[in-house]
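[1] Following is a predicted model, sequence given first.
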Amino acid sequence: MAELLHVKDLVTQFKTESGVVKAVNGVSYYIDEQEIIGLVGESGCGKSVSQLSVMQLISAPGEITGGEVIFERENLLEYQPHGPEMRAIRGAKIAMIFQEPMTSLNPVLTIAQQLTEMLVLHKKMNADDARKKAIELLDMVGIPAAEKRIDDYPHNFSGGMRQRVMIAMGLSCNPKILIADEPTTALDVTTQAQLLEMMKNMVQQFRTSLVIVTHNLGVVARYAQRIYIMYAGRIVESGPTKEIFGRPRHPYTIGLLKCIPRLDEEEGKKLIPINGLPPNLINMPPTCAFLPRCSWKIDKCSKKPWPELTSVSSNHFIRCYVNTKEKKS
Amino acid sequence: MTKNTTMIREFSEAPPRVNEWRRFRRVFFQRKLVIFGLVILTLLVIAAIFAPWLTPYDPYIGDLGESLAQPSWTHLLGTDIQGRDTLCRLIYGARTALIVGFVTTITAAIAGIVLGLVAGYFGAIINMIIMRAMDALMGFPMLLLALLLAAVLGSGIQNVIIALAVATLPGYARVMHGLTLSVQENDYILAERAMGSDKWRIMLNHILPNTLPPIIVLVTLQLGSVILAEAGLSFLGIGIRPPGAAWGSMVYDGYRFLLSNPVLSFAPGLAIMLVVFAFNMVGDGLRDALDPRLRGVI
């Protein structure tokens, strides 16, 4: 499949009173056409900020200070954040849906008004066609009696249904990429599963690539083809989903997987948490940010700066000096 | 996809619907004072519109032979020094009060909303300029500022409207500015930007509607105080020019005869009080009925 989006060395900083927060510190990743990738990391590791940077939706005091976002051979960061080129990309070419379905819809407008707005704006549809299309979309995302419910207000919908509406909105203009920023975090577990399944079917049908941003490895395990693990504003490991789960190589990934219960393990086995807290993103040391919490560390780690992503197999990369394959902790 | 999906539909039927309009009416008409206020305002509007048909007398030219008549069946509220029927002038005064009230409030509200929205949305230097100007205007007491402007511009209904509009403008701008700041932080505004909306669409279609309930309440409450301020200006003689009928100037004209003909001052005074009271009651009722915490309550 052809490469669709390539983010290179993206740096996004927030200037605060206590110093410069490097929320995204040289992140590179790519996504192919019709691919589903997962971007995993704990709170505050920069995963959402990296996605907002791609859309150029960072507002002050945040600033994108470096890198490239190559989409359809154009560098999106060369466009003005509020300019017409960028607006023509947002929603139409790259759409984004957010974590909180309860607050992501405007409470004073009906679902119809919000869903048709984008179709009229980007697809230049007339009101009747847009309404028909909107009903069709609601039906596809599994809203029962769509032609009646379309005139409801968001408060008439449950959280799961609102997130379905958001997905319908995201896909309404047939974008090339849908970025789902923690799409299921605010929903209960049963709804999560339905929603992810529905989302996968929808993006397949629309031939859309999907970026799932989550802190939950379980969410991406089943749907993503490749996974990027982020820590402290950088990608620390990337590779195909099977590789990441089967042969995790970065100590952070190994740690993450150890604190998830597995069905195929013997009973009574304890889950091992990762000790410590993620680092403060102000004044980060040049050495590996995971070092204070790492149980694999070697002398080299505290003497040399954080290494670049290096290949451990054909498309599996880690940012670590330790060969975790050979050494057992 | 809907055919072969294994997905479980969340609801097989729609949940009970809250009719927002019905809920609004129920809360709004719950209080007797609100209904009382509405009745007064309705009577006022009817009086203002149908003034020429409601009164047999000329409001401007009196019969000097009837000067300072006490209330009787021919003149229900008596006559003033020029022999003009008090009730008749009271009804024409309702016209003045309503015209000044509505035109001033609508002008000031629209200007204030635009200024507050623009200041809040764009922030930075634009915000600085607009809001500091508003603060400067707010530094003057409303009546004093109106007095000053009316004195500079001269009396007459347009000038009263301009003076009062300028004096009430910063209130709307302030409220709108604050509301814009809070509404634009919502996720749906970010979502809207992520969908490629431009700033004008976001401001007009998404921020403005979310700020309307408090603004509507403010407008209703301001109507009362604008009418009161107009009466004050007219009382001081820089409002409506004679022989125009304004409640404030009627109170002033009558107060020289307070002991002999108290109706001359009390009738317009009572009218002012009732109208301001009515607007405040309706404003309170609206505030309760538009309370977002009640949204979705059956």
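    Received it, and whenever you're ready, just let me know what you need.

[2] Does the most centrally placed residue in chain B lie in a helix or a strand, and which?
    Centroid-nearest residue in chain B: B:Leu223, 2.2 Å away (criterion: CA atoms, centre = their mean). Following DSSP states H and E, one finds B:Leu223 within helix B:208-235.

[3] near chain A at all, that helix?
    Yes: contact of helix B:208-235 with chain A (CB under 8 Å from any CB of the partner chain) involves B:Pro209, B:Asn210, B:Leu212. In short, each C-beta sits where N, CA and C put it, glycine included.

[4] What's the first helix or strand after that helix?
    helix B:247-254.

[5] Now whatever helix or strand comes next after that next one: buried residues?
    As assigned by DSSP H and E, the chain's next helix or strand after helix B:247-254 is helix B:263-289. Neighbour-count burial for helix B:263-289, counted by 16 or more other CB atoms under 10 Å in any protein chain shown, picks out B:263-265, B:267-269, B:271-272, B:274-276, B:278-289.

[6] related to what we said a few turns ago, just put the residues of helix B:208-235 next to chain A in JSON lines and tack on distance to A:Asn323.
    JSON lines is the format used below for the residues of helix B:208-235 next to chain A (distance: CB to CB, whole Å):
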{"residue": "B:Pro209", "distance to A:Asn323": "59"}
{"residue": "B:Asn210", "distance to A:Asn323": "56"}
{"residue": "B:Leu212", "distance to A:Asn323": "63"}
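
[7] Can you tell me which of those residues are buried?
    B:Asn210.

[8] Select the longest helix from the chain.
    The chain I'm using is chain A. helix A:189-206 (DSSP state H).

[9] not quite, I wanted chain B
    helix B:86-122.

[10] in that helix, what counts as buried?
    Buried residues in helix B:86-122 (16+ other CB under 10 Å): B:86-98, B:100-105, B:107-109, B:111-121.

[11] likewise stretch B:50-69?
    B:Ala51, B:Thr55, B:Tyr57, B:Pro59, B:Gly62, B:Glu66, B:Ala69.

[12] Please tabulate those in TSV, including the columns distance to A:Val108 and secondary structure.
    Converted to TSV, these look like this (distance: CB to CB, whole Å; DSSP: H, G, I helix; E, B strand; the rest coil):
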residue	distance to A:Val108	secondary structure
B:Ala51	39	helix
B:Thr55	45	coil
B:Tyr57	49	coil
B:Pro59	45	coil
B:Gly62	53	coil
B:Glu66	57	helix
B:Ala69	56	coil
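
[13] Kindly reformat those residues as JSON lines and extend each row with distance to A:Gln205 and pLDDT.
    Converted to JSON lines, the buried residues of stretch B:50-69 look like this (distance: CB to CB, whole Å; pLDDT from 0 to 100):
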{"residue": "B:Ala51", "distance to A:Gln205": "67", "pLDDT": "78"}
{"residue": "B:Thr55", "distance to A:Gln205": "73", "pLDDT": "77"}
{"residue": "B:Tyr57", "distance to A:Gln205": "78", "pLDDT": "75"}
{"residue": "B:Pro59", "distance to A:Gln205": "74", "pLDDT": "74"}
{"residue": "B:Gly62", "distance to A:Gln205": "83", "pLDDT": "71"}
{"residue": "B:Glu66", "distance to A:Gln205": "87", "pLDDT": "73"}
{"residue": "B:Ala69", "distance to A:Gln205": "86", "pLDDT": "71"}
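
[14] Tabulate those residues (TSV), appending distance to chain A.
    Output for those, formatted as TSV (distance: CB to the nearest CB, whole Å):
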residue	distance to chain A
B:Ala51	39
B:Thr55	45
B:Tyr57	49
B:Pro59	45
B:Gly62	53
B:Glu66	57
B:Ala69	56
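
[15] quick check, nearest of those to A:Tyr228?
    Checking the buried residues of stretch B:50-69 against A:Tyr228 with CB to CB, the nearest one is B:Ala51 at 75.6 Å.

[16] sorry, back to before: I figured the residue nearest to the centre of chain B hits B:Phe102, correct?
    Yes: the pair B:Leu223 / B:Phe102 is scored as a contact, 7.1 Å apart, by CB atoms under 8 Å.

[17] picking that back up, so the helix holding B:Leu223 versus helix B:263-289, what angle?
    Here the directions of helix B:208-235 and helix B:263-289 differ by 170 degrees (axes from the mean of the first three to the mean of the last three CA atoms, to 10 degrees).

[18] Any buried residues in helix B:208-235, and which?
    B:208, B:210-211, B:213-215, B:217-235.

[19] now that helix: mean pLDDT?
    Here helix B:208-235 scores 87 as its mean pLDDT.

[20] Okay, now the unreliable bits of the chain?
    I'll assume chain A. Counting by pLDDT under 70, the ranges of chain A that qualify are A:1, A:324-329.

[21] The intended chain is chain B.
    In chain B, residues with pLDDT under 70: B:1-19, B:292-298.

[22] For the strand or helix carrying A:Ile179, which helices and strands make contact with it?
    If you go by DSSP H and E, A:Ile179 is part of strand A:177-181. In this structure, strand A:177-181 makes packing contacts with helix A:47-54, strand A:94-97, helix A:159-171, strand A:209-214, judged by 3 or more CB pairs under 8 Å, 6 or more residues apart in numbering or on different chains; DSSP states H and E.

[23] Apply 7 Å and report the result again.
    When contacts are defined as 3 or more CB pairs under 7 Å, 6 or more residues apart in numbering or on different chains; DSSP states H and E, strand A:177-181 sits against helix A:47-54, strand A:94-97, strand A:209-214.

[24] Is A:Tyr30 in a helix, a strand, or coil?
    strand (DSSP: H, G, I helix; E, B strand; the rest coil).

[25] ok, B:Leu290 to chain A distance?
    B:Leu290 sits 11 Å away from chain A when distances are taken as CB to the nearest CB, to the nearest Å.

[26] likewise B:Leu274?
    From B:Leu274 to chain A the distance is 34 Å (CB to the nearest CB).

[27] Please list the residues of the stretch 101-250 of chain A that sit near chain B.
    A:103-106, A:108-109, A:118, A:121-122, A:139-140, A:142, A:144-145, A:148-149, A:155-156, A:158, A:160-161, A:169, A:194, A:197-198, A:201, A:205 (CB under 7 Å from any CB of the partner chain).
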